[in-house]
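Q: Structure, please.
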Amino acid sequence: MEKNHRHTGEMIIVCLIAAAIPALLIFDGIQTRRYENLVDEVSGLEKKQEELVQENKKLVIDISLLSSADRIEKIAENDLGMHKAQSGDIVRIEMKGTKK
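A: Alright, predicted model coming up:
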């Protein structure tokens, strides 16, 4: 009787191990698919980051060109009719008794 009971216990353990193998394989497949999805997502994000870095570099160059002193001076003179003030054109006003 004890031998039969022991045999039953061993059979249960063997069945549990046998059932665990396919379960582990299924779990491994699910994890592999999740990993592949994450790799694809990271690759896409890295590509987008590189595109944004390139766009940012272009925008920095554009800002540099647009804010150059020569360009601003040319627009002021040609488009807006402005000119550099001569020393005689500058009026200085001194205010006394005002609180700062």
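
Q: Now do the helices in the chain.
A: 2-66, 69-78 (DSSP state H).

Q: now those helices as CSV including mean neighbour count, mean pLDDT and distance to residue 90?
A: Where C-beta positions appear, they are placed from N, C-alpha and C, glycine not excepted. CSV is the format used below for the helices of the chain (neighbours: other CB atoms under 10 Å; pLDDT from 0 to 100; distance: least, CB to CB, whole Å):
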stretch, mean neighbour count, mean pLDDT, distance to residue 90
helix 2-66, 10, 92, 28
helix 69-78, 10, 91, 17
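
Q: Could you dump the ones you listed into TSV and include distance to residue 94?
A: Formatted as TSV, the helices of the chain follow (distance: least, CB to CB, whole Å):
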stretch	distance to residue 94
helix 2-66	37
helix 69-78	28
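
Q: So which residue is dead centre in this protein?
A: residue 49 (5.7 Å; CA atoms, centre = their mean).

Q: which one of the helices of the chain lies closest to residue 92?
A: Set against residue 92 and scored by CB to CB, these come closest in helix 69-78, at 22.3 Å.

Q: roughly how far apart are the residue nearest to the centre of the chain and residue 41?
A: Noted for residue 49: a distance of 12 Å to residue 41, by CB to CB, to the nearest Å.

Q: and if you look at residue 48?
A: Per CB to CB, residue 48 is found 11 Å from residue 41.
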